[in-house]
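S.K.: Sequence and predicted structure below; questions after.
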Amino acid sequence: MRIDDLHRENVDELTFTIDGEEGTYHRVDEVLDCWFESGSMPYAQLHYPFENQTLFEAGFPAEYIAEGLDQTRGWFYTLLVLSTALFDKPAFRNVIVNGIVMAEDGKKMSKRLQNYTPPDILMEEYGADALRLYLINSGLVKAEEQRFADAGVKDMVRRALLPWYNSFKFLATYAEIDHWKADTHHVKPENITDQWILSRLQSLKANVAREMAEYKLYNVVPALFEFIEDLTNWYIRLNRSRFWVEEMTADKHAAYQTLYTTLNELTICMAPFAPFLAEHIYQALGQFAGDTATRHKSVHLCHYPHAESDLIQPVLEQAVSRMQNIILLGRQKREQVKIKTKIPLSTLTVIHESQDMLDEISRLEDYIAGELNVKSVVYTTEEDQYINLFAKPNSPVLGKRFGKAFNQYRMAIQDLDAKALNQLQEDGSLVIDGESFSTDDILVFREAKEGTQALSNRFISIDMDCELNDDLIDEGLAREVINRIQKTRKDIGLNVTDRISITYNADERLASAIEKHRDYIAGETLCNTFTAASASTHSFDVDGNALTLDIQKSDN
C-alpha cells in the first residue's frame, strides 16, 4: 500500500521496512491542501494577528498580484477564499494574469525536444531589453497563450531599440559639432513641429500614466512604439535641415532643445520596459545636460515624468496625423504612376470636409510640399468633386444578425449619402431605423471620380497633378545628382561639415540639367567649386544618363 492510499482506505497506520529496519507511518487527519499555505501568505508573512497589526492593515489588501494563468485554481483561489472568510473582501485590488509561453510549434517548451532557443543565447544576440519588450508586448500580459518566436525578439530591435538609439546618435553627432548644451540655450519653440512633438510627448506621458494606473501593460508598449515612430520617421526626418544650418540661429537652438527634451523624457518613460538601453542613453545624454548637479546618477533614480497639460495641443496632433496620411497617400500615388519622389510635381490638392482642419493642415504646408516634392499645395472642402463615397453591408455579420430583415437594412446602407458615411467614420457608429451599426458592420469604400488623380482614406483625400514637363524632369535629374554626390561623400569618409570641390562629366541631357541647377546642387552638397571637365573616379547611371565625378575635400 502506498502512503497516499492511507486516506482512501481509511487506514491509520502503515508499516514499512528500509534496509532491514522497520518503521510505521501514522495518518494525520489535519493535513490541508498545500495551496492553503500560499493563500495564507498576506497574514503568515507578518505573523498576523499575533503581531505587526498596524503594518498589516497598512498594506492589506495588496495593490496587485501577478502570476500565471495556471494559478486561477491555486493561489488566486485560496487568497480569495481565505480573505473573504476572514475580512469579507479580496486580498488584492488588481491581478495581472500572465499567459503560458509555448514553443513556436505550439508544443510545450522541452529540453529534450530542443524546440526553443535558450534565453541566455537570445539575450546575447539581441539583448535583454529586446526579450523583455517582446514578452510585454505580447498576449502574455493578457493571460493569452504565446507561441514564442525568436523573430519576434529580433523585431523589437528593429521596431524600437535601434530607432530610439539612432535618434540619440543623430542628436549627439550634431550637438558635439556645435558644442551645444541644454543649460545654456533656452528658447520658446516657435516651429510647429517642435510644438507637435512636445505635445505628443505630454500626451504619451498622460496615456502611459493612465494605463499603468489601470495595470494595462498591453496598452503601454504599443503607445511607446508609436511615439518612437513619430520621433524618428517624422520629427527628425522633417527637421534634419535645421541641424545642418551652419549658424547657431534661434531656430537651431529650438530644434536642439526640443530633441534633447524629447529624448531625455522618452528615455525615462522607457526605463521600466527597456532598462539597459535606457540607462545607456540617459548616461550619454548627460554630456549635453551642462549643469549635472541636479541630474540623477541613474535613469532608475528619476521620478517617472508627469504630463505638462498646458503643452498638449489636441488639434495640432490631429492635424499632423492628417499630414502623415497626406504624405503616405502622396507616396502611394507616385508609386501608382511610377514617378520617383525626386521628380517634382506641380500641384497637390488636399481635400477635407472641415475648413478648420484644412486651415490647421495649411500650417504644415512647407513640410507637405517638401516631403512630396510638389510646387504648390491647394485646399478644398468639396470632396464630392473628387471622390465617390459608397457603402456596403458586412453581409456575413449583418445577415446573421437580422435574418430575413437583412435585405431591408442592406438597401438602407447602400443608400447612405456621403454626409452619413463621414459621420459613421468620425463617430464610429450610426443609427439606421432604430438599429445601431458600427464601422465593422458597414464597409465604406472610396474611389476616384473619372478625370481626377484622387486618392482617399477614412481620414483625408488628395489629388495630385502627375503631368510632367521638361523643367520638372530637369529638377528631378538635379536631385538625383545630389543623391550620388552625397553617397560618394559618405563612401570616401568625408564629415558632414566638410566643404568639397567637384569635377564632373555627364551626357548632354544630364549636363543641361546640372547647368540649369548648378547653384542648387552646390548648396546642397557644400561644394565650393563645381566644374564640368574630364572625370573618372566615380561613375554612375542617372536615369539612363552617364555621370562621372571626382570629389576632393576643399581647403575653404
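M.R.: Cool, got the structure.

S.K.: which other residues reach the strand with the most length in the chain?
M.R.: Longest strand in the chain, counting residues (DSSP state E): strand 545-553. Strand 545-553 is contacted by residues 477, 481, 484-485, 488-489, 492, 494, 498-507, 509-510, 535-541 when judged by Cβ atoms under 8 Å, 6 or more residues apart in numbering. In this view, the C-beta of every residue, glycine as well, is placed from N, C-alpha and C.

S.K.: Ok, stretch 383-400 next?
M.R.: 349, 351-353, 406, 409-410, 413-414, 416, 418, 421-422, 424, 440-449, 452, 454, 456, 461, 463.

S.K.: looking at it, residue 52 is touching residue 43, isn't it?
M.R.: No. Contact between residue 52 and residue 43 fails when scored by Cβ atoms under 8 Å: they sit 9.7 Å apart.

S.K.: quick one on the thing from earlier: could you pull out the buried residues of the longest strand of the chain?
M.R.: Residues of strand 545-553 classed as buried by neighbour count (16 or more other Cβ atoms under 10 Å): 545, 547, 549-551.

S.K.: Same check on stretch 471-479?
M.R.: 472, 474-479.

S.K.: Helix, strand or coil: sort out residue 86 for me.
M.R.: Following DSSP: H, G, I helix; E, B strand; the rest coil, we place residue 86 in the helix state.

S.K.: so who does it touch?
M.R.: With Cβ under 8 Å, 6+ apart, residue 86 has these contacts: residue 43.

S.K.: Compute the distance between it and residue 60, please.
M.R.: In this view, residue 86 and residue 60 are 10 Å apart by Cβ to Cβ, to the nearest Å.

S.K.: same question, residue 543
M.R.: 74 Å.

S.K.: Show the residue spans covered by the helices in the stretch 101-250 of the chain.
M.R.: 119-126, 128-136, 150-156, 162-178, 192-213, 217-230, 237-244, 250-270 (DSSP state H, counting those that start in this stretch).

S.K.: Equivalent analysis for the stretch 451-556 of the chain, please.
M.R.: Under DSSP H, counting those that start in this stretch, the stretch 451-556 of the chain gives helices at 470-491, 508-516, 518-525.

S.K.: so which of those helices comes closest to residue 256?
M.R.: Smallest distance to residue 256 across the helices of the stretch 451-556 of the chain (Cβ to Cβ): 22.0 Å, for helix 518-525.

S.K.: For the closest one, buried residues please.
M.R.: Quick answer for helix 518-525 (16+ other Cβ under 10 Å): 521-522, 524-525.

S.K.: Next, the angle helix 237-244 makes with that helix.
M.R.: 90 degrees (axes from the mean of the first three to the mean of the last three Cα atoms, to 10 degrees).

S.K.: helices or strands next to helix 518-525 in the packing?
M.R.: helix 470-491, strand 527-532 (3 or more Cβ pairs under 8 Å, 6 or more residues apart in numbering; DSSP states H and E).

S.K.: Try it again at 10 Å.
M.R.: helix 470-491, strand 500-506, helix 508-516, strand 527-532 (3 or more Cβ pairs under 10 Å, 6 or more residues apart in numbering; DSSP states H and E).

S.K.: I'd like the distance from the longest one to the chain centre, please.
M.R.: Once both centres are worked out by Cα atoms, centre = their mean, to the nearest Å, helix 470-491 turns out to sit 32 Å from its chain's centre.

S.K.: before we move on, what about the shortest one?
M.R.: Relative to the centre of its chain, strand 527-532 is centred 42 Å away, using Cα atoms, centre = their mean.

S.K.: I'd like to check what contacts that strand. Which residues are they?
M.R.: Under the contact criterion Cβ atoms under 10 Å, 6 or more residues apart in numbering, strand 527-532 has outside partners 482, 485, 489, 499-506, 511, 514-515, 518-519, 521-522, 550-552, 554-556.

S.K.: That one to strand 500-506, inter-axis angle?
M.R.: Using the same axes, to 10 degrees: strand 527-532 against strand 500-506 is 20 degrees.

S.K.: May I see the buried residues of strand 527-532?
M.R.: For strand 527-532, using 16+ other Cβ under 10 Å, the buried residues are 527, 530.

S.K.: so it versus helix 470-491, what angle?
M.R.: Using the same axes, to 10 degrees: strand 527-532 against helix 470-491 is 120 degrees.

S.K.: Okay, now the sheet partners of strand 527-532, with direction.
M.R.: strand 500-506 (parallel) (DSSP bridges).

S.K.: Dump the C-alpha coordinates for the partner strand into PDB.
M.R.: Only the C-alpha atoms of strand 500-506 are listed here, as PDB (Å, rounded to 0.1, in the frame of the first residue of the first chain):
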ATOM      1  CA  ILE A 500      34.300  69.900 -51.300                       C
ATOM      2  CA  SER A 501      35.400  70.600 -54.900                       C
ATOM      3  CA  ILE A 502      33.700  68.600 -57.700                       C
ATOM      4  CA  THR A 503      34.800  67.900 -61.300                       C
ATOM      5  CA  TYR A 504      32.100  66.200 -63.300                       C
ATOM      6  CA  ASN A 505      31.400  64.800 -66.800                       C
ATOM      7  CA  ALA A 506      27.900  63.900 -68.000                       C
END
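
S.K.: Pull out the buried residues from that strand.
M.R.: In strand 500-506, counting by 16+ other Cβ under 10 Å, buried: 500-506.

S.K.: how is the chain carved up into domains?
M.R.: 35-98, 150-312, 315-384, 387-448, 470-553 (automatic domain parsing).

S.K.: Of these, which shows the lowest average pLDDT?
M.R.: Comparing mean pLDDT across the domains of the chain, the weakest is domain 387-448, with a mean of 87.

S.K.: Next, the distance between the ends of stretch 182-199.
M.R.: Start-to-end span of stretch 182-199 (Cα to Cα, to the nearest Å) is 19 Å.

S.K.: Count residues in the vicinity of the residue nearest to residue 339 when sequence neighbours are not counted, would you?
M.R.: Once flanking residues are discounted, residue 339 sits nearest to residue 466: 6.2 Å by Cβ to Cβ, 6 or more residues apart in numbering. If you count neighbours by other Cβ atoms under 10 Å, residue 466 ends up with 16.

S.K.: how near is residue 466 to residue 380?
M.R.: 18 Å.

S.K.: same thing with residue 172?
M.R.: 44 Å.

S.K.: what's the answer for residue 460, then?
M.R.: Residue 460 is 12 Å from residue 380, by Cβ to Cβ.

S.K.: Next, show the common contact partners of the two.
M.R.: Between them, residue 460 and residue 380 share these contacting residues under Cβ under 10 Å, 6+ apart: 350-352, 358.

S.K.: of all those, which two lie farthest apart?
M.R.: Checking the shared contacts of residue 460 and residue 380 with Cβ to Cβ, the most distant pair is 351 and 358, at 8.6 Å.
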